[in-house]
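K.L.:
quick one, structure for this:
(one chain, ligands or ions: 1)
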Amino acid sequence: MTSILSVDRLTKTYDGGFTALDAVSLEINEGEILALLGPNGAGKTTLISTICGIVQPTSGTVSVGGHDTQENYREARKLIGLVPQEINLEPFEKVINTVRFSRGLFGKPRDDAYLEKILRQLSLWDKKDDAIRTLSGGMKRRVLIAKALSHEPRVLFLDEPTAGVDVELRRDMWEIVRDLSDSGVTIILTTHYIEEAEAMADRVGVINKGRILLVEEKGDLMARMGQKELRLDLTDAVDTVPAALTSFDLELEPGGTRLIYRYDTRAERTGIVRLLTALQAEGLHVSDVETKQSSLEEIFVGLVKEGEGA
Ligand SMILES: Nc1ncnc2c1ncn2[C@@H]1O[C@H](COP(=O)(O)OP(=O)(O)OP(=O)(O)O)[C@@H](O)[C@H]1O
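P.N.:
Now for the predicted structure:
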């Protein structure tokens, strides 16, 4: 895997003395989709803005495609496209003109064929001559993406691409992001929606209070998320898990009347029926059952809490 973006101990302390980024290090691989998940005020926008050169870092370095953003800002910035959180478009401008103008800002020669390609990809081609103010909110967001892609960046940042967007548009956006990824663009998006990270990302990073708490393959996180607990209350207490049941992943709670069985919800067989049959064969009677899902949400909330306790 080739690294396209390298963030090394990036720290940002704002003028008032508030540290919004605290020694953040992150390696982004070419072609991946990374979702940065974090609560309000975690530092997501500050991180993106610092990488894109909108905010000056207090210390640390960022390099994009081998170009240091401090020493070689213009070269580094050319490789980055940024879709901001807020819609900041010129209402009376035509779609095509605003996208063409964005490309020009990066000193790229006019290339109508390329702009047609991205406008088509974003289902905006038939709106190219429409004034921005006549577009729906979802289309305006797509225009922001078209602008960000206009100079052919290799890395695209999407800051909260679906904040305040309805469920249907959110799904549209997910599809667009996947499409862009398939066309070879590396994507870093921020979100507070866990399901968004689940739906799109190859890797998920969790950020809170200016610190990266983890960066992990989504599959690994999902494997943890897939865990479910079955709690079985026994009529009579036992001292230990009976030998016949040791092949099951069972935990006996203190007091001896509750067994906890952990299983993978995505497995073809959960083993529950087998477990209940084995319990019966052992002469153990179950008086009540309860299940509990450990979700990515719980993992996320747990991580954030742990980080705060530290
Ligand atoms: N210009 C600034 N001066 C001082 N503090 C700032 C400035 N910009 C942001 N902050 C603070 O830095 C922290 C991180 O803000 P940031 O916008 O990066 O968070 P975020 O994770 O993007 O949040 P959200 O999800 O709400 O957009 C916040 O506490 C915010 O108040």
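K.L.:
which parts of this structure are strands?
P.N.:
Remark: strands assigned in the chain by DSSP state E are 3-13, 19-29, 33-37, 59-64, 67-68, 80-83, 155-159, 186-191, 203-208, 211-217, 227-234, 250-252, 258-264, 286-293.
K.L.:
the ligand contacts on this structure?
P.N.:
Residues of the chain lying close to the ligand (C-beta under 6 Å from any ligand atom) are 14, 16, 18, 20, 38, 40-46, 192. Just so you know, the C-beta spots here come from the backbone N, C-alpha and C atoms, and that holds for glycine as well.
K.L.:
and those, which two are the farthest apart?
P.N.:
By the measure C-beta to C-beta, 16 and 192 form the most distant pair in those, at 24.2 Å.
K.L.:
compare those two (neighbour count), which wins?
P.N.:
Using other C-beta atoms under 10 Å as the criterion, residue 16 and residue 192 rank with residue 192 on top: 15 against 5.
K.L.:
that older thread, now the strands of the chain as a markdown table including mean neighbour count?
P.N.:
As requested, these are exported to a markdown table (neighbours: other C-beta atoms under 10 Å):
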| stretch | mean neighbour count |
| --- | --- |
| strand 3-13 | 18 |
| strand 19-29 | 19 |
| strand 33-37 | 25 |
| strand 59-64 | 19 |
| strand 67-68 | 16 |
| strand 80-83 | 23 |
| strand 155-159 | 23 |
| strand 186-191 | 25 |
| strand 203-208 | 24 |
| strand 211-217 | 17 |
| strand 227-234 | 17 |
| strand 250-252 | 16 |
| strand 258-264 | 18 |
| strand 286-293 | 12 |
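K.L.:
which of the ones you listed sits closest to residue 93?
P.N.:
strand 80-83 (17.4 Å).
K.L.:
for the closest one, packing partners?
P.N.:
Packing contacts for strand 80-83, counted by 3 or more C-beta pairs under 8 Å, 6 or more residues apart in numbering; DSSP states H and E, involve helix 137-149, strand 155-159.
K.L.:
need the strands of the chain in TSV with distance to residue 242 and mean pLDDT, can you?
P.N.:
Output for the strands of the chain, formatted as TSV (distance: least, C-beta to C-beta, whole Å; pLDDT from 0 to 100):
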stretch	distance to residue 242	mean pLDDT
strand 3-13	52	96
strand 19-29	48	96
strand 33-37	42	94
strand 59-64	56	96
strand 67-68	63	94
strand 80-83	58	95
strand 155-159	53	94
strand 186-191	46	93
strand 203-208	40	91
strand 211-217	36	91
strand 227-234	11	89
strand 250-252	9	93
strand 258-264	10	90
strand 286-293	14	88
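K.L.:
for the residues of the chain next to the ligand, point out the one with the lowest pLDDT.
P.N.:
Among the residues of the chain next to the ligand, residue 192 carries the weakest pLDDT, at 80.
K.L.:
setting aside sequence neighbours, what's the nearest residue to residue 205?
P.N.:
residue 215 (4.2 Å; C-beta to C-beta, 6 or more residues apart in numbering).
K.L.:
now distance to residue 126 too, for the strands of the chain, in a markdown table please.
P.N.:
Output for the strands of the chain, formatted as a markdown table (distance: least, C-beta to C-beta, whole Å):
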| stretch | distance to residue 126 |
| --- | --- |
| strand 3-13 | 33 |
| strand 19-29 | 34 |
| strand 33-37 | 28 |
| strand 59-64 | 34 |
| strand 67-68 | 37 |
| strand 80-83 | 21 |
| strand 155-159 | 23 |
| strand 186-191 | 25 |
| strand 203-208 | 35 |
| strand 211-217 | 39 |
| strand 227-234 | 47 |
| strand 250-252 | 60 |
| strand 258-264 | 46 |
| strand 286-293 | 44 |
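K.L.:
what's around residue 105, how many residues?
P.N.:
Residues near residue 105, counting by other C-beta under 10 Å, number 10.
K.L.:
show me what contacts it?
P.N.:
If a contact means C-beta atoms under 8 Å, 6 or more residues apart in numbering, then residue 105 has residue 151 as its contacts.
K.L.:
tell me the spacing between it and the ligand.
P.N.:
Taking C-beta to the nearest ligand atom, to the nearest Å as the measure, residue 105 falls 24 Å from the ligand.
K.L.:
show the pLDDT at that residue.
P.N.:
With respect to pLDDT, residue 105 scores 92.
K.L.:
just give the closest residue to residue 49, not the sequence neighbours.
P.N.:
Closest residue to residue 49 apart from its sequence neighbours, by C-beta to C-beta, 6+ apart: residue 55 at 4.1 Å.
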